[in-house]
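> Coordinates for the following, if possible.
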Amino acid sequence: MASGLFDTTKNYSLYAVPAAWLCAFIPHAYAAFSSKSFDNRSPRTYSESLAKDQTLDQAKKNCILRAESAQMNGFENLPLFTTALLAGNLASLPSSTLNTFAAAYLASRVLYNFIYINNTTETMANVRSLVFISGVGMCMSMFVMSGNALKSGMQNLL
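Residues are numbered from 1 along each chain as shown. Okay, here's the model as predicted:
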């Protein structure tokens, strides 16, 4: 039996899909509650409404726009992560591997959101890009590991 907070012999990886969705959604919630310009009847016009809002300074508007961009990036990235996890589960990768990749990916998304929303320098933009690439790299690693496991499994059947 594994010690610690979680039994790493159990596969918790698919629970990371709703957690990743939440990581993608939270920046939008932050943005929506950060100004009175957000109108839930027409959420896609938020950027236009925000530009016209005279009650916020430009720095705050930029922060809100970055939060919206972080949200879009999260949802754009969600299919890659979900598919990589499904491939890993299909290939019967070890639970500890799946759990580790899922947790690391979620951590990368939380860090990515934080950096993106608070970023005001070129250096931090570069750090954000590195964090993004690390999350994508984790997904690609799961695909490669899954492909190798499936290839080996198929060779053993022949």
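> Name the residues of the helix-or-strand element of the chain with minimal mean pLDDT that come out as buried.
The weakest-scoring helix or strand in the chain, judged by mean pLDDT, DSSP states H and E, is helix 46-52 (a mean of 79). Buried residues in helix 46-52, counted by 16 or more other Cβ atoms under 10 Å: 46, 50. For every residue, glycine as well, the C-beta is placed using N, CA and C.
> what packs against it?
Helix 46-52 sits against helix 58-90, with contacts defined as 3 or more Cβ pairs under 8 Å, 6 or more residues apart in numbering; DSSP states H and E.
> so how far is the helix it packs on off the chain centroid?
From the chain centre to the centre of helix 58-90 is a distance of 5 Å (Cα atoms, centre = their mean, to the nearest Å).
> angle of the following helix or strand past it against helix 58-90?
Using DSSP states H and E, the next helix or strand after helix 58-90 towards the C-terminus is helix 95-118. Interaxial angle of helix 95-118 relative to helix 58-90 (axes from the mean of the first three to the mean of the last three Cα atoms, to 10 degrees): 170 degrees.
> out of everything not next to it in sequence, what's closest to H28?
Q71 (4.0 Å; Cβ to Cβ, 6 or more residues apart in numbering).
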